[in-house]
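S.K.: this is a predicted model, with the sequence first.
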Amino acid sequence: MPEQPTKINKVLVANRGEIAIRVIRACRDLGIPTVAVYSDADRTALHVRYADEAVYIGGPRPAESYLRKDQLIMAARQTGADAIHPGYGFLSENADFAQQVMDEGLVWIGPPPNAIATMGDKQAARTAVTRNGVPLIPGTEAGLRDEDLIGAAEQIGFPVLIKAVAGGGGKGMRAVHDPKDFAEALATARREAESAFGNGDVYVEKLLIGARHIEFQILADTHGKTIHLGERECSIQRRHQKLVEEAPSPFMDPDLRERMGKMAIAAAEAVDYVNAGTIECMVDRDKNFYFLEMNTRLQVEHPVTELVTGVDLAKEQIRIARGRPMTPQQSIMEPRGWAIECRINAEDPYANFMPSTGKISTLITPTGPGVRVDSGVYPGSEITPYYDSMISKLITWGETRSEAMLRMRRALSEYTIMGVKHNIPFHINLMNSFSFIAGQIDTNFVEQRFSMDTYENDPTQKDLETAAIAATLYAHRKRQLAAQVVAPAERDTSNWKWIGRWERMQR
Amino acid sequence: MKYVTILNGEQYEVEIDKEGRILLNGEPREVDFLALGPSLYSVITDNLSLQAVIEEERGEVSVLMGGRLYEMQVLDERALMMAQRRGGLGGGSGEITAPMPGLVVAVPVETGQEVIQGQTVVILESMKMQNELKSPVDGVVDMINVSAGQSVDKNAVLVVVTPPSED
């Protein structure tokens, strides 16, 4: 007996910024009315203007608004929304919220709470996927003694990484390339971990040199089908923050895609996954791949997959939540063309990527062939310190990687944002870097081998002079205008009065 | 009108006469400078067509042109005279202000301490990130207005570094 399709008549989008707009657009395409939610800081935000209805949910800090489960469910009740889309971030990977939404009789446009919970717990996720034969980065458990760790390190094979169990921020982390250095590095790592976290416990993991971050897009429906839509290359990162993504990966070949795709489907099936999700992997130089984690939500970088597969992922999410079979019926083994995404952040690349707040005074958005912009801002909108610094995503498509890159360069040069500092100059430099052009990238590239100085020419004397003249003319006109305001008018009676008198004369 | 415009520490003498003709450092220049919107301009010079976004904030004129941001001070004759009386042009201010609202994490300098240009004087947390604010000049820390744990508003003066007087 076919399953009764679930009705969705109105969707509440429990998010803000560009992703809220992305989901609202998908709903519009499907003819479904939408409800936005907003905090005190977001009354004037773009997502509020795009939605059919908008509900105020609290203070500017996420904990006072976008993270308040009861408030969000109340907003859905109040507006008659019968489904909630969580976007990414905020409550999107919160199993309790997903469960609460379902318990309220609302449709959760996302994976089952169990799948979220299992994949959200690192150890549980590893156990689950291993059962389906998914490879993990070889490593030891926590709590081993020094002698056992040395033995384990030799078994794993050097180089290895010693990592603090309570770790973070690189503290208590040591790379060891030579077995004879192991004992000393172990002692240092333990000491560091002890002083930083009060816990000297460490474990050993294989160190992957020159590894890439490659992830697979998964779609699964309630009719028992799980497929993948190919990979995304996300190795351009800084402090574990992705900055540029592309699909396909320049490192991929059909055989590797086949093997990794199978692995990704197996990993998703290990938790009975439904809806859109992403399997993140590390891939070393020898094309060995290892499961990192699964993101149980729509990703920031989903547009690159959309452009090379023609699948609208946000729409598919709603379709799947309605209980229908998903549109693509099999995995996509051959992407069409190439897509690149640059995350445009309010961060100053010349000042160590310091975030910048303020009002966007001028905004000129690129257009033309092969260009897509998913943006959360408009001229006059405020970048506040309460949320992350992403302004928009610029995505270009080309028949080949070079065409996509050239279009990206062109689009970046068209993109004009004034009022806050932003990282467009970083992206322009990156698109000019030989390593990126050649696709020779790994997760350490930006932090270890990239500099803003390498590809940037100093402005010419002519550029500087033109800028100086333009600035002076601007200031000159502004001052003249100010002088005119205080100067007395040529005749001392206002023109309105003159017209009034003239009209009375004509009566 | 005569102006001195300071860009990257360089001085450009720009003279604009009553007919709108332009002299740069005494040399005539043909510049067609057209306003398209409140801050959008089209500049054509030697057949070179450029789009510029120009804004002024707190006495600084910013020009975004060809993907590059130029930040300048434009001084007219009066401002020039006053600046010269204060003791020279182009000497950057030693005020370290908060570029955004945030929480002061640390102030790794003391009053009276000598600092060099680029030395971190305040660590400010905002947008979930720790940001090192650096001294724009060599000099001596003259004033510290904040301490660790304090919340500050945008543009609040946090630390003042006084450059050594040139004798």
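M.R.: Done, it's in. Quick caveat: nothing in here was measured; it's all calculated off a predicted structure. Numbering: from 1, shown residues only, chains lettered A, B, ... in the order given.
S.K.: give me the phi and psi angles of A:Thr296.
M.R.: phi -100, psi 60 (degrees, to the nearest 10).
S.K.: which neighbouring elements make contact with the helix ranked longest in chain A?
M.R.: Across chain A, the longest stretch assigned as helix under DSSP state H is helix A:461-486. Here helix A:461-486 touches strand B:2-7, strand B:10-16, strand B:22-24, strand B:32-35, strand B:40-45, strand B:48-57, strand B:60-65, strand B:68-76, going by 3 or more C-beta pairs under 8 Å, 6 or more residues apart in numbering or on different chains; DSSP states H and E. Quick note: C-beta positions are derived from backbone N, CA and C, even for glycine.
S.K.: just how off-centre is that helix within its chain?
M.R.: 40 Å (C-alpha atoms, centre = their mean, to the nearest Å).
S.K.: buried set for stretch A:382-390?
M.R.: A:383-387, A:389-390 (16 or more other C-beta atoms under 10 Å in any protein chain shown).
S.K.: among those residues, which one has the lowest pLDDT?
M.R.: Lowest pLDDT among those: A:Pro385, with 89.
S.K.: I'd like the helices and strands packed on helix A:461-486 as TSV, with mean pLDDT appended.
M.R.: Below are the helices and strands packed on helix A:461-486 laid out as TSV (pLDDT from 0 to 100):
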stretch	mean pLDDT
strand B:2-7	93
strand B:10-16	93
strand B:22-24	95
strand B:32-35	94
strand B:40-45	95
strand B:48-57	93
strand B:60-65	94
strand B:68-76	91
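S.K.: relative to strand B:10-16, how tilted is the longest helix of chain A?
M.R.: If you take axes from the mean of the first three to the mean of the last three C-alpha atoms, to 10 degrees, helix A:461-486 sits at 50 degrees to strand B:10-16.
S.K.: ok, and of the buried residues of stretch A:382-390, which contact chain B?
M.R.: Restricting those to those touching chain B (C-beta under 8 Å from any C-beta of the partner chain) yields A:385, A:387, A:389.
S.K.: contact residues of chain A facing chain B?
M.R.: Within chain A, the positions lying close to chain B (C-beta under 8 Å from any C-beta) are A:352, A:354-358, A:361-362, A:385, A:387-389, A:412-413, A:416, A:418-419, A:424-425, A:428, A:459, A:463-479.
S.K.: quick one, which of the residues you listed are buried?
M.R.: Those of those that meet the buried threshold are A:354-358, A:361-362, A:385, A:387, A:389, A:412, A:416, A:418-419, A:424-425, A:428, A:459, A:463-476, by 16+ other C-beta under 10 Å.
S.K.: could you list the low-confidence segments of the stretch 151-300 of chain A?
M.R.: A:167-170 (pLDDT under 70).
S.K.: again, 80 this time
M.R.: Across the stretch 151-300 of chain A, the ranges flagged by pLDDT under 80 are A:166-172, A:196.
S.K.: now the element after the longest helix of chain A, going C-ward?
M.R.: Moving toward the C-terminus from helix A:461-486, the next helix or strand (DSSP states H and E) is helix A:495-506.
S.K.: which strands and helices lie in contact with that next one?
M.R.: Applying 3+ C-beta pairs under 8 Å, 6+ apart, we find helix A:495-506 packed against no helix or strand.
S.K.: for A:Gly323, the count of nearby residues, please.
M.R.: 17 (other C-beta atoms under 10 Å in any protein chain shown).
S.K.: backbone phi and psi for it, please?
M.R.: Torsion angles, degrees, to the nearest 10, at A:Gly323: phi 90, psi 10.
S.K.: ok, B:Ala83 next?
M.R.: The phi and psi values for B:Ala83, taken as degrees, to the nearest 10, are phi -60, psi -40.
S.K.: identify the residues contacting the nearest residue to A:Glu399 once chain neighbours are set aside.
M.R.: Of all residues not flanking A:Glu399 in the chain, A:Gly337 sits nearest, at 5.1 Å (C-beta to C-beta, 6 or more residues apart in numbering or on different chains). For A:Gly337, the contact set (C-beta atoms under 8 Å, 6 or more residues apart in numbering or on different chains) comprises A:307-308, A:397-400, A:403-404.
S.K.: just A:Thr327 next, same as before
M.R.: Here A:Thr327 is in contact with A:311, A:316, A:319 (criterion: C-beta under 8 Å, 6+ apart).
S.K.: dump those residues into a markdown table; add pLDDT and secondary structure as well.
M.R.: As requested, these are arranged in a markdown table below (pLDDT from 0 to 100; DSSP: H, G, I helix; E, B strand; the rest coil):
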| residue | pLDDT | secondary structure |
| --- | --- | --- |
| A:Val311 | 98 | coil |
| A:Glu316 | 98 | helix |
| A:Arg319 | 97 | helix |
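S.K.: nearest to chain B, of those residues?
M.R.: The nearest member of the contacts of A:Thr327 to chain B, counting by C-beta to the nearest C-beta, is A:Glu316 at 31.1 Å.
S.K.: how about the stretch 101-250 of chain A: which residue is closest to chain B?
M.R.: In the stretch 101-250 of chain A, the residue found nearest to chain B is A:Arg239; the distance is 8.7 Å by C-beta to the nearest C-beta.
S.K.: show me what contacts that residue?
M.R.: Each residue near A:Arg239 by C-beta under 8 Å, 6+ apart is listed here: A:Glu447.
S.K.: next one, pLDDT for residue 26 please.
M.R.: Assuming you mean chain A. Looking at A:Ala26, the pLDDT reads 98.
S.K.: please go with chain B instead
M.R.: pLDDT at B:Gly26 comes out at 92.
S.K.: burial count for it?
M.R.: Residues near B:Gly26, counting by other C-beta under 10 Å, number 7.
S.K.: and for stretch A:58-66, what's in contact with it?
M.R.: With C-beta under 8 Å, 6+ apart as the criterion, stretch A:58-66 contacts A:14-16, A:37-42, A:57, A:68, A:71, A:90-91, A:384, A:386-387.
S.K.: also stretch A:302-312?
M.R.: For stretch A:302-312, contacts defined as C-beta under 8 Å, 6+ apart pick out A:26, A:29, A:217, A:219, A:229-230, A:232, A:245-248, A:276, A:313-314, A:327-328, A:332, A:335-341, A:372, A:374, A:393, A:395, A:397.
S.K.: list buried residues within those.
M.R.: A:26, A:217, A:219, A:229-230, A:232, A:245-248, A:276, A:313-314, A:328, A:332, A:335, A:337-341, A:372, A:374, A:393, A:395, A:397.
S.K.: residue contacts, the nearest residue to A:Lys69 once chain neighbours are set aside?
M.R.: Distance criterion C-beta to C-beta, 6+ apart; nearest residue to A:Lys69, sequence neighbours excluded, is A:Phe97 at 5.0 Å. Residues counted as contacts of A:Phe97 (C-beta under 8 Å, 6+ apart) are A:69, A:72, A:86, A:91.
S.K.: the last one is in contact with A:Leu72, isn't it?
M.R.: Yes. Between A:Leu91 and A:Leu72 a contact is recorded at 7.4 Å, counting by C-beta atoms under 8 Å.
S.K.: more neighbours: those two, which one.
M.R.: A:Leu72 (27 against 24).
S.K.: check the more buried one and give its pLDDT.
M.R.: A:Leu72 carries a pLDDT score of 98 in this model.
S.K.: A:Glu341 should be in a strand, yeah?
M.R.: Yes. Secondary structure assignment places A:Glu341 in a strand (DSSP: H, G, I helix; E, B strand; the rest coil).
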